[in-house]
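1. Sequence plus predicted model, see below.
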Amino acid sequence: MIASTPSTATPAATPVALAPITDLSLTSLRQVVTELGHPEYRGDQIAAWVYRSPVGSFDEMSNLPKSLRQALADRFRFGALALEAEFVSSDGETRKAALRLVDGDLIESVLMRYPTRDDGTGAERSTVCVSTQVGCPVKCAFCATGLMGFTRNLGTGEIMDQALHFLRWSRAVPPTVRNVVFMGMGEPLINYDATMGAVALLVDAVGLGVHRLTVSTAGWLPGMSRLIEDKYAVRLAVSLHSPDDALRTTLVPLNKRFPLATLLEACWEYQARTGRRVTFEYTLLDGVNDTPALARDLVALVRRHDVHINLIPMNPVAYLPFGASRPEAVEEFHRIVREAGVICTVRREMGRDIRAACGQLRTELQGREPVRASTVTA
Ligand code: SAH
Ligand code: SF4
């Protein structure tokens, strides 16, 4: 047996990375500048540079005194992320960025550009999908991110900088990003404060409408309770995947702790408080949750409420025993829900050729074997 002797040597100081400026709320930014001896309005000038201009450093903020620019550079990093790789789908409508965090891990963000419809209706629009965690502790059975295990929460700046990456790019190549969905890697409501910190900046500093921001949850009730009370009434998307508790627990293990009845009650309360239609995401898995009987049960659960069901064709994930539903099964499921008078759409698949589904690109880039780690369901 090898005994370990305590070391008497002083460990070498490891350089601590500066926090990104995008970690700060607008209020904190104003506070920081006043603490540095400058008037509060300088905080708003900095926010305008960071959130509404293409500059990439404090030094380029030409209307700030040089001393303030230097003080900011001494205390903050301008960007939280380094672009590792970017992939563009063959149709050019989807771009996926693999972004490196200061501590070396990779996260993914996706830009989806929707053209006007063939009949000329609908505006061109761009939507960014951001990650909120490295990996995810929820471990849904069909999800590539869940397969990675959970490393850590992202900070507000790390979430914001994903949106800014594509926001800046899209200002030069319109349509400019107007929508942000929190549907990338991770469970946003488990990382509530950082997620809602990013929501606040997107609304107050970038100027996006709060109705253009969508938070997607697998049903983390403590977060939903907070959201019900929050002043930012974002759109809520809930990943349902089954109208049956036993089946849902096998797909979304969190369901054991927060079963359907409790989850739906929170959804109806959110709807009543905000007046917003709730979206239910339903990933169709071949032979698992795509039967006509389940479509009818789903209708029975939601029909008395103002909801939108978004059917998602499954993106097959290596190592996982699920396949995409057959097109006829998708069509039949869609028909049953629609004919019952419930708003129902089938999500257009985007960027399959660049692994645009959540978690898939990172898994590939890291070349890692998937891991099953911590869980929040125990
Ligand atoms: N954690 C949140 C948000 C991120 S996942 C949530 O679960 O809602 C975003 C959406 O992608 C969820 O609806 C999720 O169920 C779905 N999803 C995950 N893996 C998928 C896959 N392999 N194919 C299709 N949809 C998937
Ligand atoms: Fe986490 Fe959402 Fe993936 Fe489930 S689907 S493991 S909650 S990221």
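-> Received the coordinates, thanks. Ligands and ions are numbered 1, 2, ... in the order given.
2. my read: L301 touches L264, true?
-> Yes: between L301 and L264 there is a contact under CB atoms under 8 Å: 6.7 Å. To be clear about C-beta, it is placed using only N, CA and C from the backbone, and glycine gets the same treatment.
3. okay, and the common contacts of those two?
-> Between them, L301 and L264 share no contacting residue under CB atoms under 8 Å, 6 or more residues apart in numbering.
4. Give me the more crowded residue out of these two.
-> L264 (20 against 16; other CB atoms under 10 Å).
5. list the buried ones in the helix or strand harbouring the more buried one?
-> In this structure, L264 sits in helix 260-274 according to DSSP states H and E. Under the neighbour-count criterion of 16 or more other CB atoms under 10 Å, helix 260-274 has L260, L263, L264, A266, C267, Y270, Q271, T274 buried.
6. any idea which of these is closest to ligand 2?
-> Lowest distance from ligand 2 to these (CB to the nearest ligand atom) belongs to L263, with 13.0 Å.
7. May I have the residues that are in contact with the closest one?
-> Remark: with contacts taken as CB under 8 Å, 6+ apart, L263 is in contact with G219, L221, M224, V238, N255.
8. so how far is ligand 1 from it?
-> 12 Å (CB to the nearest ligand atom, to the nearest Å).
9. how close does that residue sit to T195?
-> 19 Å (CB to CB, to the nearest Å).
10. Show the backbone phi and psi for L72.
-> With angles defined as degrees, to the nearest 10, L72 sits at phi -70, psi -40.
11. Same check on F166?
-> phi -80, psi -30.
12. what does G146 give?
-> phi -60, psi -30.
13. Quick one: residues contacting it.
-> Counted by CB under 8 Å, 6+ apart, G146 has contacts G135, C136, V138, K139, C140, G359.
14. Might you report the residue contacts of the nearest residue to D286 once chain neighbours are set aside?
-> Spatial nearest neighbour of D286, chain neighbours left out: G323 (4.2 Å); criterion: CB to CB, 6 or more residues apart in numbering. By CB under 8 Å, 6+ apart, G323 lies in contact with L285, D286, G287, M314, P316.
15. top of these by neighbour count?
-> With neighbours taken as other CB under 10 Å, the top of the contacts of G323 is L285, carrying 24 neighbours.
16. Which pLDDT does the model give V16?
-> We have a pLDDT of 71 for V16.
17. ok, now D118?
-> D118 is assigned 64 on the pLDDT scale.
18. likewise the one 5 residues further on?
-> The confidence metric pLDDT takes the value 67 at A123.
19. do the same with P316
-> For P316, pLDDT reads 90.
20. tell me which element it falls in.
-> Here P316 is assigned to no helix or strand, by DSSP H and E.
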